[in-house]
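Asker: Give me coordinates for this.
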Amino acid sequence: MALGNTRADVRSGSSCLSATTVAVFVGLCLVGVWMASSTLVSPVEFSPFQAASLWRRPTPTPAGAGTEGNPTADVSPVVDSEKSADEQEEPPAARQDAVAEPLERTNQQPDEQVVTEPNVEKPDVDQEQESKRDAEVFPDASQAELLNETATDPAQWRTQAAKSDIPDTTTVASTAPASSNWKLCDTEAGADYIPCLDNVEFIRTLQHDEHYEHRERHCPEEPPTCLVPLPNGYRSPIRWPKSRDQIWYSNVPHTQLVEFKGHQNWVNISGEHLVFPGGGTQFKYGALHYIDFIQEAKKDVAWGKRTRVILDVGCGVASFGGYLFDRDVLTMSFAPKDEHEAQVQFALERGIPAISAVMGTKRLPFPSGVFDVVHCARCRVPWHIEGGKLLVELNRVLRPGGYFVWSATPVYLKKPEDVEIWEAMSALTRSMCWELVNKVKERINRKGIAIFQKPKDNRCYDARSADANPPLCGEYDNPDAVWNVSLQSCIHKFPTGPAIRGSRWPEEWPLRVEKPPYWLNSSEAGVYGKPAPDDFQADYEHWKRVIRNSYMEGFGIDWNAVRNVMDMKAVYGGFAAALRNMKVWVMNVVPIDSPDTLPIIYERGLFGLYHDWCESFSTYPRSYDLVHANHIFSKVKKRCELLSVIVEVDRIARPGGRLIVRDDMETISEVESIVKSLHWEVRLSYSQDKEGLLFVQKTMWRPNPSSS
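Answerer: As a prediction, this is how the structure comes out:
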């Protein structure tokens, strides 16, 4: 028995046991040291992005591939070992956030901590499951039609460029090499630079600005390739939902709006923060109270059911749209760029959708008949002048049967000027066949709203006199042609037929996000070649699978730090639809030379706009936490330099923001080269069947100002 050993027994076995005992003891000590050292790795030191390399497997390199100059060579999976942004020129304020925002500091670990997959056989691994897993990351050949648009009926899928009769300026542009000598943009706008809205040289040549021409898009002939500087003391944005109530003052250092509107509960300064009490000119006592007041005034509005997508004109700091999230409503807010008040910049920093736009001389970048409600609170737009041209533009984008909610002084004040405007507005809306369904004054705020409804059919239009104003548009005026198209002072009649878009209201939310629109015809091919409804469904299933199995699990993204998302080439909006249960919103962009699928995106209760990616986007710098680029760069580089497009992505992405690129390997290689020169960190690089996947993260790095 062990406890009964005598001293003689121990002595007699000492020559054999001593070596074994020592070996075991040393081994246990080493294990203990290893375990102790492992527990000392803090969250700041260990990057969640390393998890990606656990499942990521490089595609076998074919014979002859992988040599210099071979664009189809496989990209091996790596975690970039360059210095992170925080180790370079991080502002002191950002360094203070290291503990609060550990997942934004992802490259602090020593090289030996990088987790890689051992190159050994794994007989216990189910090869079929492993192959399926990789297929979710990058679909196999049987799903390739979901990644590549096919030639379809041009009458069914005309592009915005074709609808708007934009001259064809297509060129096969060579891609400039990634610059090793980046410079900061030397502009009056500084850290708020929007190239197409801050083209000072062109704006100075304008003869007049009474129609806000100086606030419209005037893009430089050559897109800039300089980098926008960061505001002094910039730090990682506060996360949603806390960001709805407060943001860092150093990120949007503007005070004029505080001085002008502080007494109206728009925005105030509190220490290091800008604080948003949730009020506005028309709802000093809170946006939710005002939102519920609209619901009471017209029950049929039905926030979050019948009404899902609305347009907020002259949005202020977008508190109206920010609180409509509580009612399951998505709001496209817009206002002109004002570098002093920075309304839209406040909204985006808070995590609320918004764009910089103006109702001037051009149509808004939206299809016709897509918004369930259009709202304007004290926006001071002279709707009644010049034949009601601006109100007619709202009529164009408002869905048949949709509501226009107007809360302004002419609705509830009796001053001579207000009475005159109300009478003119009443005459105009009657002529447009809008019905005033309610006009009511709220007792607490002492403010009033008027709710108008757009007709659902052509009966009122047919009954108008021939000389009525605004007149009906000619049959060749396409209401869906919007890119650089001038405003028209005419009303479009509705297409007739039960299977025509706009002939009936969409399904209630959330059912509408999943069902193909009733007007998608099975006899017509979709973007990817299948019958249109099947195409729609296949796209949705594809993105649900990819997001569930790859973006959510494999990339190591801290989704709590993601709020503002952009899909640069949205097609049916399947990517955004698959994210609908996340606390994010997605700006779906349909390029002007892609099939015009934007009406489908709105029909399913999502939103977006048209854009030409050879120009800058109408948003402030540092707007988006995640940019998704699915087969857009290979297409756009045929028309303009890829370098300038990536610079634009760098402009609109926040420091710490992510970029996911899915494209051909040649394009992936070019994009990777450029973003590396910008000191973005490569988190994932993957290839299969000459197609590639790249996942990178922007850092705090900016060029030294002295070199600019």
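
Asker: Only C-alpha atoms from now on, for both contacts and neighbour counts.
Answerer: Noted.

Asker: and the residue most central in space within the chain, what does it touch?
Answerer: Nearest to the mean C-alpha position of the chain, counting by C-alpha atoms, centre = their mean, stands Met566 at 2.4 Å. Met566 makes contact with Val586, Met587, Asn588, Val589, Tyr624, Leu626, Val627, His628, according to C-alpha atoms under 8 Å, 6 or more residues apart in numbering.

Asker: Kindly indicate which of those residues lies nearest Val411.
Answerer: The closest of the contacts of Met566 to Val411 turns out to be Met587 (C-alpha to C-alpha; 33.0 Å).

Asker: In helices, which of the contacts of Met566 fall?
Answerer: Using DSSP state H, no member of the contacts of Met566 falls in helices.

Asker: Nearest to Cys315 among these?
Answerer: Among those, and counting by C-alpha to C-alpha, the member closest to Cys315 is Met587, at 17.0 Å.

Asker: Could you report the separation of the closest one from Met665?
Answerer: 26 Å (C-alpha to C-alpha, to the nearest Å).

Asker: Can you measure across stretch 569-587, start residue to end residue?
Answerer: End-to-end for stretch 569-587, by C-alpha to C-alpha: 10 Å.

Asker: If you count neighbours, what's buried in that stretch?
Answerer: By neighbour count with 16 or more other C-alpha atoms under 10 Å, stretch 569-587 contains the buried residues 569-579, 584-587.

Asker: Check stretch 475-484 too.
Answerer: Applying 16+ other C-alpha under 10 Å to stretch 475-484 flags Pro479, Asp480, Ala481, Val482, Trp483, Asn484 as buried.

Asker: How about stretch 512-532?
Answerer: Under the neighbour-count rule (16+ other C-alpha under 10 Å), stretch 512-532 has 512-521, 524-532 buried.

Asker: What about these, which are in helices?
Answerer: Short answer: the buried residues of stretch 512-532 in helices (DSSP H) are Arg512, Val513, Glu514, Ala532.

Asker: which residues pair with the nearest residue to Ser407 once chain neighbours are set aside across the strands?
Answerer: Nearest non-adjacent residue to Ser407, counting by C-alpha to C-alpha, 6 or more residues apart in numbering: Ile449, 4.3 Å away. Note on Ile449: beta-bridge partners by DSSP bridges are Val440.

Asker: Can you report how many residues neighbour Ile449?
Answerer: 25 (other C-alpha atoms under 10 Å).

Asker: Could I get the pLDDT score of it?
Answerer: pLDDT, Ile449: 94.

Asker: okay if I get the contacts of Met566 as a markdown table plus pLDDT and distance to Glu417?
Answerer: Listed next are the contacts of Met566 as a markdown table, based on pLDDT from 0 to 100; distance: C-alpha to C-alpha, whole Å:
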| residue | pLDDT | distance to Glu417 |
| --- | --- | --- |
| Val586 | 98 | 41 |
| Met587 | 98 | 39 |
| Asn588 | 98 | 41 |
| Val589 | 98 | 41 |
| Tyr624 | 98 | 42 |
| Leu626 | 98 | 47 |
| Val627 | 98 | 47 |
| His628 | 98 | 49 |
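
Asker: now that we have these, which one has the most neighbours?
Answerer: Neighbour max across those (other C-alpha under 10 Å) = Tyr624, 29 neighbours.
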